[in-house]
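# Structure for this input, please:
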Amino acid sequence: MGANSSKTEIEEEPKTSLKRRLTMNTNRTATRITSVLRRSSTKRVLTGPRLRQTIRPCVDACEEQGLLSAIEKCHHACVMKHLIGGDSPDVGTTKDDMPVILASKNPEILELLLEFGCDINRTPKADTSIPSKRTPLHFAAEYGYLTSVKLLIHYGANVDAHDANNITPLMLAWDKSQDHVAEYLLSVYLRDKKAGSWGHHALMQSCQNGQLDFVQMLIVKGHVNPNAHDQYDGSTPLIAAAKFGHIEIVRFLLTRNVDATYRDKLRNFTAGDYASVNGHRECWLVLQEASEDLKEDIIVVVQTTNTPQEIVK
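Presented below is the predicted three-dimensional model:
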């Protein structure tokens, strides 16, 4: 009977979700440490052998070096001890000293910080290596920490957060070739948001930023309409790419039968006009050729007895 029970436990273990295992481990550690730290100090527990039995002294002296050191060394029990002892999980101002960012590479420690109420959307101050307004979810997505990405989203991270360059975690993951993270974030977007409005916004941003692979993925998988225009200024993905001179994106969009003669509402400009005024000669030449071909191929003027008619092929 005992052997069968043991065998069943072994078989069921792989089926236990990662989230559940992390939570079970975290709760056990928290209960064990809290039960000791809350005892009366008159019993000399905090300095006696019972505390050392509950949490062995850290050989790397994490107690003296602080919370950040414990996180960097991935010492789960030391992190728990600091948090229960009152250390704030929201210290630091840069990507190198913010606990929630440092913990992204270790899901168990990250969940501890999240359980203790760290600010999940707090952003580090800008420096020369990163733009401002980049959230912990940006960093987890950039480095491909899929489990941490899932945890951050589960605890309420803003999936649609934009940094100072209007880059979202999804765009960053795709740009860094973290395909498994990008695919997961895309599924979250499509599940939680209106796919049409989100898709157009993401396409416009990626056209402006020159993210060809991301543009191709959105269009080829059918998440967006490449001919859709903005409801306010009438801008299109082709216009966005032409403004910034992203010639490869312009060429790709033209292969998807976008309208090169379309004019926006803001200045009544075509994509070619924007390429011209912004000095992107190569884009302008490609768009001029496409516009001429479009005029010749789409509209045929047939002369009748009195009235010319425009017939669309």
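# so how far is Leu172 from Pro89?
24 Å (Cβ to Cβ, to the nearest Å). (Glycine included, C-beta is placed from N, CA and C.)
# Quick check: which ranges of the stretch 101-250 of the chain have low pLDDT?
Flagging of the stretch 101-250 of the chain using pLDDT under 70 yields the residue ranges 193-197.
# okay, which residue is most central for the chain?
Centroid check for the chain by Cα atoms, centre = their mean gives Pro169 as the closest residue, at 1.6 Å.
# Identify the residues contacting the spatially closest residue to that one that is not a sequence neighbour.
Excluding its sequence neighbours, the residue lying closest to Pro169 (Cβ to Cβ, 6 or more residues apart in numbering) is Ala141, at 3.9 Å. Ala141 makes contact with Val149, Pro169, Leu170, Leu172, Ala173, Lys176, Gln178, Val181, Ala182, Leu185 under the criterion Cβ atoms under 8 Å, 6 or more residues apart in numbering.
# Please identify the member of these with the greatest number of neighbours.
Neighbour counts for these, by other Cβ atoms under 10 Å, peak at Pro169, which reaches 31 neighbours.
# close enough to count as contact, that one and Ala161?
Yes - if you go by Cβ atoms under 8 Å, Pro169 and Ala161 touch, sitting 6.7 Å apart.
# Which parts of the stretch 151-300 of the chain are strands?
Ranges of strands within the stretch 151-300 of the chain are 299-303, based on DSSP state E, counting those that start in this stretch.
# What count of nearby residues applies to Asp127?
As a burial measure, Asp127 scores 12 neighbours (other Cβ under 10 Å).
# swap that for Ser88, sorry
Using other Cβ under 10 Å, Ser88 has 13 other residues around it.
# distance of it from Ser291?
Distance from Ser88 to Ser291, by Cβ to Cβ: 59 Å.
# Now do the phi/psi pair for Ser177.
For Ser177, the backbone dihedrals are phi 60, psi 30 (criterion: degrees, to the nearest 10).
# what sits against Glu142?
Pro169, Leu172, Ala173, Lys176, Gln178.
# switch to 6 Å and redo it
By Cβ atoms under 6 Å, 6 or more residues apart in numbering, Glu142 lies in contact with Leu172, Lys176.
# element containing Leu137, please.
Per DSSP states H and E: Leu137 is located in helix 136-142.
# Could you list the alpha-carbon positions for that helix in CSV?
C-alpha atoms of helix 136-142 as CSV (Å, rounded to 0.1, in the frame of the first residue of the first chain):
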residue,chain,number,x,y,z
PRO,A,136,10.7,44.8,-15.1
LEU,A,137,8.6,43.1,-17.7
HIS,A,138,10.7,44.7,-20.4
PHE,A,139,13.9,43.2,-18.9
ALA,A,140,12.4,39.7,-18.4
ALA,A,141,11.2,39.7,-22.0
GLU,A,142,14.5,41.0,-23.3
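# give me the number of residues near Tyr232?
When neighbours are counted by other Cβ under 10 Å, Tyr232 registers 8.
# what's the distance between it and Leu266?
In terms of Cβ to Cβ, Tyr232 sits 9 Å off from Leu266.
# before we move on, back to that, the residue nearest to the centre of the chain against Leu137, yeah?
Yes - contact criterion Cβ atoms under 6 Å: Pro169 and Leu137 qualify, at 4.7 Å.
# any idea what sits nearest Tyr232, other than its immediate chain neighbours?
The shortest distance from Tyr232 to any non-neighbouring residue, by Cβ to Cβ, 6+ apart, is to Lys265 (7.7 Å).
# Can you tell me the number of residues neighbouring that neighbour?
Applying other Cβ under 10 Å, we find 13 residues neighbouring Lys265.
# Tell me the spacing between it and Gln208.
Lys265 is 18 Å from Gln208, by Cβ to Cβ.
# show me the residues around His246 that make contact.
Neighbouring residues of His246 by Cβ under 6 Å, 6+ apart: Gly210.
# one more time with 10 Å, if that's ok
Applying Cβ atoms under 10 Å, 6 or more residues apart in numbering, we find His246 in contact with 206-212, 215, 240, 252-253, 280, 283.
# again with His229
His229 touches His200, Met204, Ser235, Thr236, Pro237, Leu238, Ile239, Asp259, Tyr262, Asp264, Lys265, counting by Cβ under 10 Å, 6+ apart.
# Which among those count as buried?
For the contacts of His229, a neighbour count by 16 or more other Cβ atoms under 10 Å gives the buried set as His200, Met204, Ser235, Thr236, Pro237, Leu238, Ile239, Asp259, Tyr262, Asp264.
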